[in-house]
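Enquirer: Mind folding the following:
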Amino acid sequence: MILLTGFEPFGGESTNPSWQAAERAADLLCAQGRAAVAVEVPCVFGRSIEVLEAALGEYEPATVLCVGQAGGRGSISLERVAINVDDARIPDNAGNQPIDEPVVASGPAAYFSTLPIKACREAVAGLGIPVEVSQTAGTYVCNHLFYGLMDLLGDRRGTRGGFVHVPFSSEQGAAHGQPGLAVEAMAEALAMIATTTAETAVDARVTAGAEH
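Expert: Numbering: from 1, shown residues only. Reported below is the predicted structural model:
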């Protein structure tokens, strides 16, 4: 089973392409004969992890892709690392705005994705979709959920997971004067990331670092 999650709209937006793309990716995977489901999570500290934990218990997935929006980025971003800090520039959808608080009080400083992020990057690039390995998932609810996911997966041997950021949709990008990507392309990328994860035991050893 492949579990995909996407966020509800936040920050004054009426839509969130992370949820739209997660839904469509689940449909694509099912059409390929793979068991997949998409779950929408709230853009709320704490509550987002609770919804994710419930979905993990219900579906017992082998692969988990949590997806969020990173408006302003121009590529699909495969996140490498989640850090144990909440530092919200804006309030979440419930009005919470934590500053310099840990995601998990007793947790380690960081967790790494267990997706084969470099092999996934190569596979998505082969579709002609812009893609990168990202070294930061921020400090808002996306990183919060990513860290929570990896913390939860510590007790679930054999389940691989990670976080993927998507840009604004094409419509949002045009409205904001920012890069945008069609939701259909996002969905294709997510489906490819899921299938590549299922078929890749050892990640590709290619450079995907950053100088700054």
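
Enquirer: any idea where the strands of the chain begin and end?
Expert: 2-7, 36-41, 63-69, 76-79, 81-83, 110-112, 131-134, 160-166, 168-169, 180-181 (DSSP state E).

Enquirer: can you state the direction angle for the longest helix anywhere in the chain and strand 2-7?
Expert: Longest helix of the chain, by residue count under DSSP state H: helix 183-199. Angle, helix 183-199 to strand 2-7, by axes from the mean of the first three to the mean of the last three Cα atoms, to 10 degrees: 140 degrees.

Enquirer: what about dumping the CA coordinates of helix 183-199 to CSV?
Expert: Provided in CSV are the C-alpha atoms of helix 183-199 (Å, rounded to 0.1, in the frame of the first residue of the first chain):
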residue,chain,number,x,y,z
VAL,A,183,-1.1,19.7,-11.1
GLU,A,184,-1.1,16.8,-13.6
ALA,A,185,2.7,17.0,-13.9
MET,A,186,2.9,17.0,-10.1
ALA,A,187,0.8,13.9,-9.9
GLU,A,188,2.9,12.1,-12.5
ALA,A,189,6.0,13.0,-10.5
LEU,A,190,4.5,11.7,-7.3
ALA,A,191,3.4,8.5,-8.9
MET,A,192,6.9,8.0,-10.3
ILE,A,193,8.5,8.7,-6.9
ALA,A,194,6.3,6.0,-5.4
THR,A,195,7.0,3.4,-8.1
THR,A,196,10.7,4.2,-8.0
THR,A,197,10.8,3.7,-4.2
ALA,A,198,9.0,0.4,-4.6
GLU,A,199,11.5,-0.8,-7.2
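
Enquirer: Specify the angle between that helix and strand 36-41 in degrees.
Expert: Using the same axes, to 10 degrees, helix 183-199 lies at 120 degrees relative to strand 36-41.

Enquirer: And helix 183-199, what does it pack against?
Expert: Contacts defined by 3 or more Cβ pairs under 8 Å, 6 or more residues apart in numbering; DSSP states H and E place helix 183-199 against strand 2-7, helix 17-31, strand 63-69, strand 76-79, helix 117-125, strand 160-166. For glycine as for every other residue, the C-beta is placed from the backbone atoms N, C-alpha and C.
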